[in-house]
Every structure is written in structure tokens, then in C-alpha cells.
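Student: got a predicted model here, sequence first, then my questions.
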Amino acid sequence: MDPAAAALPMRGEFTSSSRFRYALLLTDRELVVQKLGTARRKSETVTVMDLQDCIGCRARGAEDGADTSASLAVYFYPVRTRWARLCSSPARRRLEHRFRVAVSSDSRINLEEAERWSRAIRYRAYHRTGGVCADVRRPRRFLVLINPHSGKGQALTLFSNHVQHMLQEADITYTLQVTERQNHARELVREADLSQWDAVVVMSGDGLLFEVVNGLMEREDWEEAIQTPLGVLPGGSGNALAASINYYSGSQPVSGEDLLVSCGFMLCKGLVSHLDLTSVCLASNQRLFSFLSLAWGFVADVDIESEKYRHVGAARFTMGTIVRLTSLRVYKGKLAYLPAEEPHSHSSPTMSSVSFNNGSNSSSVYLRNSYNQNQLLHNSCNSNNAYKPNWTNEPPVTMQGPRDSLLVPLDQPVPAHWTVVKEEDFVLVMAVYQSHLAEDLIAAPASRPDDGVIHLMYVKAGISRRALLRLFLAMEKGAHLSTNCPFVGYVKVQAFRLEPFSPTGTITVDGEVVEYGPVQAQIYGRLARIVSG
Ligand SMILES: Nc1ncnc2c1ncn2[C@@H]1O[C@H](COP(=O)(O)OP(=O)(O)OP(=O)(O)O)[C@@H](O)[C@H]1O
């Protein structure tokens, strides 16, 4: 569509199925729907719909042979309060406007007019978004991966009830793949012809996306593969990335099905942003890529121990926190980091500039910044960095990816310019690179998906149960860092190393248990892409 023509307002007069008359005015930002008065009732009501809230539009000819009119349906998801539910917070709710187009007695002319309006509305709904990078190209085809066991085991039902019709309304076709076992998604994206899809979407918790990210990074063509836009639909119990993306979009904090609709809406709009990934090296030379967090101590224990309360959904973390608080543990270890702010020759590797092909079949192009082709396939874990997930018996797969230029092998001391934390007794250590740790835990309120920063937090031993509980309650609002608790440490870093001394314990990466032992990580700014708002 010619952009100049798209800027011109359009006017039309249509009726509803109940034969009320409506005047429509389409500007570049709004659809103004004016219900016209009747002979008996002169009053006119006006509804102004923001096209930013519109995900699609459909024109159809009449199904009844005797009826020559066409129909025009416009699908909006504005933020509304559902008054029927007391205390319901504002969230996106579906609103369909449907009109009969009967400008002529010729059905073909009516359909053409409905299609003209449909094209004009769709163009305006999708070309005002602007955004950090670019839209997912249109028409769009997604691969949707669903873990049927995630959360309370209702991901498939949630997808059919809330997302399926949104994708249809937005004219998105998709291939649905229900995962059959752990690592199914990982193997699938490792082998797939990615050019078939414009985005790979997971409907699950964070664990399935972790599989997808690592599957992509195991490919020979990882540089191109990891540029495939990723989409998240919350179907798990933590849903940290989904909550983070909702937060970055400036939307109201929502949870459960409201968060699902919000993420579904963003997916339909198809705006793509960069996403940082962190390269994590484990003691056995395994290497993996993480988009969310690494945790040791209290948070990791709660995450894993609360698995048994999975049936209660997101409340499992609250229950797990209360249980773990009653028997607070101290974890011994050494923590060291390279501060993010430090002006040092080892600047945080970043994808510096990105250009996207919108509407063509070729894949994304980008410039590399702080590493080059010769550095690929080597990292500080070991040059033989075969990654074998420690929970499976499958043969090792070589993890690809950029060279970890900030890290030295785990059997050598950290570089002299790193900071070593004096304390060695911790209640928890967590490194997060997104805002949320769960739907209702804003662990790093200042985090952005592409800030190239690891938000490293630790709580030292000696904190009382009550103070720790206060900290977690404050975290629900992202206010824990301003409580001035003397036991809390917080620093923005580019890389860190954690060496647990306690012989047993749990370390999680993106909520998944990994090998326990020394671990180190460095962040790569803007390595991946995510469909966001
Ligand atoms: N079909 C499947 N059967 C068993 N496990 C699966 C299947 N599909 C994926 N998985 C694995 O299940 C684990 C949990 O998945 P995921 O994290 O997505 O859900 P969740 O634990 O309910 O969500 P959250 O992490 O938000 O709490 C992951 O390790 C994932 O790899």
C-alpha cells in the first residue's frame, strides 16, 4: 500500500448485523465508529478505537446467496477492566467490531469495498508500530512448540482457548508441535529448516525456551539460526520471560490468562527486539546459553523443591519460599565478577548493528562487533566444548557460539582486574538478565532485554528469616533493592564466576538444574531476537 494513500482518512457508512447504521472514519491512528441516530432516537454514540490495539481485519462475502452484502470484522485487544470481576486489574480484552458492507446491489462491489477497508485498517494497524528493529515479515508462519506438561498441564487447552483465534485474526499460519519428551524441542530446532518459519514460538514455561535457544546454538549455522525471532506464550508456572516482556512493553502487570493474552497480542503485532544471551560454562566443560538467570542457594532450591506443588501453578513458588524459610541454609563459596561499568579493553561483546530483510526470504544480516569468525567454536570452558545435557543419555553435541573472551579456564584464577566478593557465606546468589524471575517477582527492575548486563545479586549469611521474607515481598514490586538491607549485594556485571565449596547443592540455569560445581558466565548483548511489544 502506498504510504501517502495510507495517511489519507477514509470514510464509509455501514450497518451492523442488527441493521443499526454506523459512520466509520479511518485515520492513520484510529478507527472512529459513530452509531448514527434513528428517526426515533436522534442521539449518536462515538467509539474511538486505537489502531495500535488492532491485530487484524477480515473481509468476507455473504454466505447467503440472496444477500449481496459483504462483512468486515475488525479485531481489537484494548486494555480494559473487566467490571464483572471484582478487583480485576486492567488487561487486554478482545473486542470485535463487525459491519455489513452494502454500498451496491452487486455482491462483488461490496466485497471489494470490504477488502479495501480491510487492507487499509491492517496497513495502519501494523505500520505505526515503529519499534527497535523491524516487524516479523508478512504473511507470517510460525512454528509453535507446546509442552503439554508445563505449568498445571493445561498449555494445550490454554493455547486453543486464548491464542488460536488471535493467530487466525492476525492472519498468522502456524505449525503446531506438541513436545513428546524432554529435549524434543531442542533436537527439532537443531535439525529444522528454519527458513520455513518467521518465528519459533514456545507455549510453555522458561524451560522449553531454554531448549530452543540451546538447540539453535548447537547448529553449524548458529549465527543465522539464533537470529530467528523467538516468541513466548506463558504456559508454565514461572513464565519469567513472558512477564519480563510484558513489563518491557510498558503494559500493566498481569498474570495467568491475562499475561497469555498480552503475550499473544505482542506475538500478533510481531515487533522484534534484541535479546541478550549469556554463555555459561560448567566444570565438566559443558557450555550452554541462557536467556534468563543462573541461581544458587535459596532461589534455586525453592525453584526445584517447589516442583511438588506444581498443581497450584504460580503459587508453587510462594509455598516453596515459606517451606525453605523455615529451614534457612547457608551456602559456602566464592563469587567473583567483572563489573559492567568498568572501562576495560574487554568490552561486553555486542551485536552492534542489525539490518533485517522485511518481506524477503533471505535471513537476517548483522555485523559482528567484538569477536570474529576465527574465534568461533572455542571458549574458555575448553576447546572441546561438547555439550551433553547432564540429565540425558544422548550423545554429546558440539555447542557453537562466540568465544568467551572475558573468561579464563575454570582451573585458573579469575583475571586480576576482576572483583572478588569478600564474604564466602551466602544464602543465595543469583545472576539475572531479565526483569522478572517469575510472573510476580521483579528481580531486576532496571533490566532491559538488550542492555548487555548481568544483574548479579547475593544475600549474605546472617540475614534473619523475617528480613529475607521482607526482601521477597518487596521483590514482588521490584522494590527489594531500595530496602537498604545490609545483607544484600547488587552489582551490574559482564561476567562472573561462582565456586561453591559446599559438596552438594543446586545450581539452576533458566530454572533448569545443571551440573553442580564451579561455573562461570559472560553475557552477549543482542545475540538473539525476541518478539516483544
Ligand atoms: N513433552 C514433554 N515431556 C516431558 N518434559 C518436557 C516435555 N516438553 C518439555 N519438557 C521439559 O519439561 C521441563 C519443564 O518445562 P517448562 O519449564 O517449559 O515448564 P514449567 O516447568 O511448567 O514452567 P516454569 O519453568 O515457568 O515453571 C523442561 O525441562 C522441558 O525441557
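Tutor: Received, thanks. Small disclaimer: the values here were computed from a predicted structure and weren't measured. Residues are numbered from 1 along each chain as shown.
Student: next up, phi/psi of Ser279, please.
Tutor: In this entry, Ser279 is assigned phi and psi values of phi -90, psi 120 (degrees, to the nearest 10).
Student: measure it to the ligand for me?
Tutor: When distance is defined by C-beta to the nearest ligand atom, to the nearest Å, Ser279 is 20 Å away from the ligand. Quick note: C-beta positions are derived from backbone N, CA and C, even for glycine.
Student: could you list every residue that touches that residue?
Tutor: Applying C-beta atoms under 8 Å, 6 or more residues apart in numbering, one finds that Ser279 lies in contact with 287-290, 379, 401-402, 404, 521-524.
Student: so which of those residues sits lowest on pLDDT?
Tutor: Ranked by pLDDT, these bottom out at Asn379, which has 43.
Student: what about the contacts of Ser279, which are in helices?
Tutor: Judged by DSSP state H, these include no members of helices.
Student: nearest to Ala467, of these?
Tutor: Minimum separation from Ala467 among these (C-beta to C-beta) is found for Ala521, which lies at 28.0 Å.
Student: find the nearest non-adjacent residue to the residue in the chain that the ligand sits nearest to, please.
Tutor: Using C-beta to the nearest ligand atom, the single residue of the chain nearest to the ligand is Gly205, 1.7 Å away. Closest residue to Gly205 apart from its sequence neighbours, by C-beta to C-beta, 6 or more residues apart in numbering: Gly236 at 1.9 Å.
Student: helices along the stretch 201-350 of the chain, start to end?
Tutor: Taking DSSP state H, counting those that start in this stretch, the helices of the stretch 201-350 of the chain run over residues 206-217, 222-225, 240-248, 256-269, 298-305, 315-326.
Student: alpha carbons only: can I get the first one in PDB?
Tutor: Output for helix 206-217, consisting of C-alpha atoms alone and laid out as PDB, is shown next (Å, rounded to 0.1, in the frame of the first residue of the first chain):
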ATOM      1  CA  ASP A 206      11.000 -21.000  30.500                       C
ATOM      2  CA  GLY A 207      12.400 -24.500  30.300                       C
ATOM      3  CA  LEU A 208      11.200 -25.100  26.800                       C
ATOM      4  CA  LEU A 209      12.700 -21.800  25.500                       C
ATOM      5  CA  PHE A 210      16.000 -22.800  27.100                       C
ATOM      6  CA  GLU A 211      15.900 -26.000  25.000                       C
ATOM      7  CA  VAL A 212      15.100 -23.900  21.800                       C
ATOM      8  CA  VAL A 213      17.900 -21.400  22.500                       C
ATOM      9  CA  ASN A 214      20.400 -24.200  23.000                       C
ATOM     10  CA  GLY A 215      19.200 -26.200  20.100                       C
ATOM     11  CA  LEU A 216      19.700 -23.100  17.900                       C
ATOM     12  CA  MET A 217      23.200 -22.500  19.300                       C
END
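Student: angle of it against helix 240-248?
Tutor: 90 degrees (axes from the mean of the first three to the mean of the last three C-alpha atoms, to 10 degrees).
Student: who are the packing partners of helix 206-217?
Tutor: Contacts defined by 3 or more C-beta pairs under 8 Å, 6 or more residues apart in numbering; DSSP states H and E place helix 206-217 against helix 184-191, strand 199-204, helix 222-225, strand 230-234, helix 240-248, strand 287-290.
Student: lowest mean pLDDT across the helices of the stretch 201-350 of the chain, which one is that?
Tutor: Mean pLDDT is lowest for helix 315-326 out of the helices of the stretch 201-350 of the chain, coming in at a mean of 84.
Student: and the angle for it with helix 298-305?
Tutor: Interaxial angle, helix 315-326 versus helix 298-305 (the same axes, to 10 degrees): 120 degrees.
Student: sketch out the helices for the stretch 351-500 of the chain, chain order is fine.
Tutor: Assigned by DSSP H, counting those that start in this stretch, the helices in the stretch 351-500 of the chain fall at 465-475.
Student: with the stretch 51-200 of the chain instead?
Tutor: With DSSP H, counting those that start in this stretch as the definition, the stretch 51-200 of the chain shows helices at residue ranges 107-127, 155-158, 164-169, 184-191.
Student: dump the ones you listed to JSON lines, plus mean pLDDT.
Tutor: As requested, the helices of the stretch 51-200 of the chain are exported to JSON lines (pLDDT from 0 to 100):
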{"stretch": "helix 107-127", "mean pLDDT": "94"}
{"stretch": "helix 155-158", "mean pLDDT": "97"}
{"stretch": "helix 164-169", "mean pLDDT": "98"}
{"stretch": "helix 184-191", "mean pLDDT": "98"}
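Student: nearest to Val272, out of those helices?
Tutor: Counting by C-beta to C-beta, Val272 lies closest to helix 107-127 out of the helices of the stretch 51-200 of the chain; the figure is 12.8 Å.
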